[in-house]
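J.: predicted model and sequence follow; I will ask about them next.
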Amino acid sequence: MEQYEKMLSQLQNGEIQSIEINKDQFYEFREVLVKHPLFKHFRGEAKQNGIIIYTYLEIPRS
């Protein structure tokens, strides 16, 4: 869980461009993501084979 918080912080700060999460990690990652104060700033895009790519948006999604 702490690993995911660090990844979200790095994404938010621009240290990394995206986070790649596979389907085995999804529920654990999402639990951390929805508790994040800037939850609406993170965008997940589903790819093939259960991969989700998360990016950070300056303007929150609605």
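T.: Looks like it arrived, so ask away.

J.: hey, let's count contacts and neighbours off CA atoms from now on
T.: Will do.

J.: tell me which residues of stretch 24-39 are tucked away?
T.: 29, 32-33 (16 or more other CA atoms under 10 Å).

J.: next, name the residue at the spatial heart of the chain.
T.: The centroid of the chain falls nearest to Tyr54 when counting by CA atoms, centre = their mean (4.4 Å).

J.: is it in a bridge, and if so with what?
T.: For Tyr54, the beta-bridge partners under DSSP bridges are Ile19, Gly44.

J.: isn't it up against Glu45?
T.: Yes - applying CA atoms under 8 Å as the test, Tyr54 and Glu45 come out as touching, 6.4 Å apart.

J.: picking that back up, any idea how far the residue nearest to the centre of the chain lies from Ile16?
T.: 11 Å (CA to CA, to the nearest Å).

J.: can you pull out the helices in this protein?
T.: 2-13, 26-35 (DSSP state H).

J.: mind giving me the packing neighbours of the shortest one?
T.: In this case it means helix 26-35. Counting contacts by 3 or more CA pairs under 8 Å, 6 or more residues apart in numbering; DSSP states H and E, helix 26-35 packs against helix 2-13.

J.: any chance of the helices of the chain in CSV, plus mean pLDDT and distance to His41?
T.: Putting the helices of the chain into CSV (pLDDT from 0 to 100; distance: least, CA to CA, whole Å) gives the following:
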stretch, mean pLDDT, distance to His41
helix 2-13, 97, 9
helix 26-35, 97, 10
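
J.: export the ones you listed as TSV, with columns for distance to Glu58.
T.: Compiled in TSV, the helices of the chain are given as follows (distance: least, CA to CA, whole Å):
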stretch	distance to Glu58
helix 2-13	9
helix 26-35	16
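
J.: out of the ones you listed, nearest to Pro60?
T.: helix 2-13 (12.1 Å; CA to CA).

J.: next, the angle from that closest one to helix 26-35.
T.: Between helix 2-13 and helix 26-35, the angle comes out at 50 degrees (axes from the mean of the first three to the mean of the last three CA atoms, to 10 degrees).

J.: list the contacts for the closest residue to Gln17 other than its chain neighbours?
T.: Closest residue to Gln17 apart from its sequence neighbours, by CA to CA, 6 or more residues apart in numbering: Leu11 at 6.2 Å. Contacts for Leu11 were tallied using CA atoms under 8 Å, 6 or more residues apart in numbering; they are 17-19, 55-56.
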